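**Student:** Sequence plus the predicted model coming up.
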Amino acid sequence: MSKPFSQACENNKAPILDVIRNYFVPGNKVLEIGSYTGQHIRFFAEHLPQVIWQPSEIPDNLPILEAGLDGVNLSNILPPLMLDVSQQPWAVTNAGGIFSANTLHIMSEDHVTEFFRGCGKALASGARLCVYGPFNYAGHYTSDSNARFQDWLKAQNPVSGLRDFESVNALAQEAGMTLLADHSMPANNQLLVWQRGQ
């Protein structure tokens with residue numbers, strides 16, 4: 001049986017690694033929220049072997065993640081964790097970092113709020129949150145393709161949709177985090193980095 005596969009993950013994993021290697025350092029235990037096929041975490045664990053990686057998924061997607069990690073023998077990947085951002089408190093505390101890719105536009109607005117609230121509680125003091133995906137700025141799309149993507153998302157699920165940078169940054173600030181960087185990425189995506197206060 002072939003492993004679950006995402007072409008988007010395959011396309012963006014190397015550009016993401018180039019950025020997050022600056023924020024997750026040896027000895028960090030990094031939680032990935034929404035690991036899905038496991039492609040990101042396998043790639044990151046291979047190239048950042050001194051970082052410990054904790055994959056996680058919602059209950060419905062956990063079998064996909066488990067299949068994606070089946071047979072992967074990397075000692076710095078922990079067993080997959082079931083994590084629903086809306087179920088507080090999370091089972092992770094004092095995390096040395098949190099990473100999530102292409103999740104906020106899938107969640108409802110309420111779940112996005114819970115995402116940042118949970119990250120603020122789960123992160124260790126001084127630890128970083130790195131979030132990858134498409135965002136709007138000042139209520140505007142950054143590209144025609146992102147506008148079309150929004151239409152597609154709404155057709156799949158009306159509660160989904162691209163989030164405004166200003167809104168998510170305000171949620172991060174409320175959760176005790178400060179924006180460190182906003183990296184422009186390929187295919188009209190961004191990689192936002194926050195740090196939990198000391």
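**Tutor:** It's in.
**Student:** most centrally placed residue in this protein?
**Tutor:** With the centre of the chain defined as its mean C-alpha position, the nearest residue by Cα atoms, centre = their mean is S100, 0.4 Å away.
**Student:** In this structure that one contacts G34, no?
**Tutor:** Yes - between S100 and G34 there is a contact under Cβ atoms under 8 Å: 5.5 Å. The C-beta positions use only the backbone N, C-alpha and C, and glycine is treated the same way.
**Student:** quick one on the thing from earlier: ok, the closest residue to the residue nearest to the centre of the chain other than its chain neighbours - contacts?
**Tutor:** Spatial nearest neighbour of S100, chain neighbours left out: I33 (4.2 Å); criterion: Cβ to Cβ, 6 or more residues apart in numbering. With Cβ atoms under 8 Å, 6 or more residues apart in numbering as the criterion, the residues that contact I33 are S56, L83, V85, I98, F99, S100, T103, F115.
**Student:** And N76, by the same measure?
**Tutor:** A45, P49, Q50, V51, I52, W53.
**Student:** Look up how far R21 lies from the fourth one.
**Tutor:** Separation of V51 from R21 (Cβ to Cβ, to the nearest Å): 9 Å.
**Student:** between these two, which one's more packed in?
**Tutor:** V51 (20 against 13; other Cβ atoms under 10 Å).
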